[in-house]
Each structure stands twice: as structure tokens, then as C-alpha cells.
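# Give the three-dimensional model of this entry:
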Amino acid sequence: MKYQETIKQYKQYTKDYIKRCETLLKAFGDVPEPTDKERKKVFDHLISTNQINTEMVQEEINLLCTIEYASNKHQELEREKLNV
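Sure, this is the predicted structure:
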């Protein structure tokens, strides 16, 4: 196995993943910051659906929770606009 190639591929994957996350969160710019209650609700949901686990690093958990919250809140705000 070529370790340097494996590391290079991982660096590229990480770089691309970060870009995708930044783009996604930028698209949800109209979403307000979550309350502590909303943060807990999102975290509990992701734990119960096995999308995160306690072995993950805290930064990764935070990112996944942020993306989940932002996408759901954005959809909620869009539905509210349609119902007005």
C-alpha cells in the first residue's frame, strides 16, 4: 500500500468535504442561530438515528448537528413563506 497516496487522497477528500459544508451553510444564511433546546433536539435526533456516535470527535459532531439544524430550519422557513 502506498501510504503517501492514501494520505494525499484523504487530504483531498477533507478539503472537498469542507468546501461542500461551507457552500451548504452559506446557502442557509437566512437561518437564525439555534437555541440550546434546538441544539439538544438535533443532537438527540442524530444520535437516535445513528448518524453520529459518541466516538466521533466533538468538532465533527458539531458540524453534523449544524448542517442538520440549518437544512431543517431552512425548509421550515420556506414552508412558512409559502403558507403566508
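
# List the residues that contact the residue nearest the centre of the chain.
Taking Cα atoms, centre = their mean, the centroid of the chain lies closest to I67, which sits 2.6 Å from it. By Cβ atoms under 8 Å, 6 or more residues apart in numbering, the contact set of I67 is C21, L24, L25. C-beta: built from backbone N, CA, C; applies to glycine.

# how close does the closest residue to S71 other than its chain neighbours get to Y13?
Using Cβ to Cβ, 6 or more residues apart in numbering and skipping the chain neighbours, the partner closest in space to S71 is F28 (6.6 Å). Distance from F28 to Y13, counting by Cβ to Cβ, to the nearest Å: 23 Å.

# of those two, who's got more company?
Taking neighbours as other Cβ atoms under 10 Å, F28 and Y13 compare with F28 leading, 17 against 10.

# surely the more buried one meets N72?
No. F28 is beyond contact range of N72, at 9.7 Å (criterion: Cβ atoms under 8 Å).

# Give the residue spans of this structure that score low on pLDDT.
1, 84 (pLDDT under 70).

# And the helices in it?
3-27, 36-48, 58-83 (DSSP state H).

# Can you list the helices and strands that the second one packs against?
By that I understand helix 36-48. helix 58-83 (3 or more Cβ pairs under 8 Å, 6 or more residues apart in numbering; DSSP states H and E).

# The helix it packs on: which residues count as buried?
Neighbour counts over helix 58-83 (16 or more other Cβ atoms under 10 Å) mark I61, L63, L64, C65, T66, I67, E68, Y69, A70, N72, K73, H74 as buried.

# which ones are touching the closest residue to the fifth one other than its chain neighbours?
In other words, T66. Among residues not flanking T66 along the chain, L25 sits closest, at 6.9 Å (Cβ to Cβ, 6+ apart). Going by Cβ under 8 Å, 6+ apart, L25 touches T66, I67, A70.

# can you check I52 too?
By Cβ under 8 Å, 6+ apart, the residues touching I52 are F43, L46, E60, I61, L64, C65.

# Compile those residues into CSV and extend it with columns for distance to P34.
Shown next, in CSV, are the contacts of I52 (distance: Cβ to Cβ, whole Å):
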residue, distance to P34
F43, 10
L46, 13
E60, 17
I61, 14
L64, 13
C65, 9
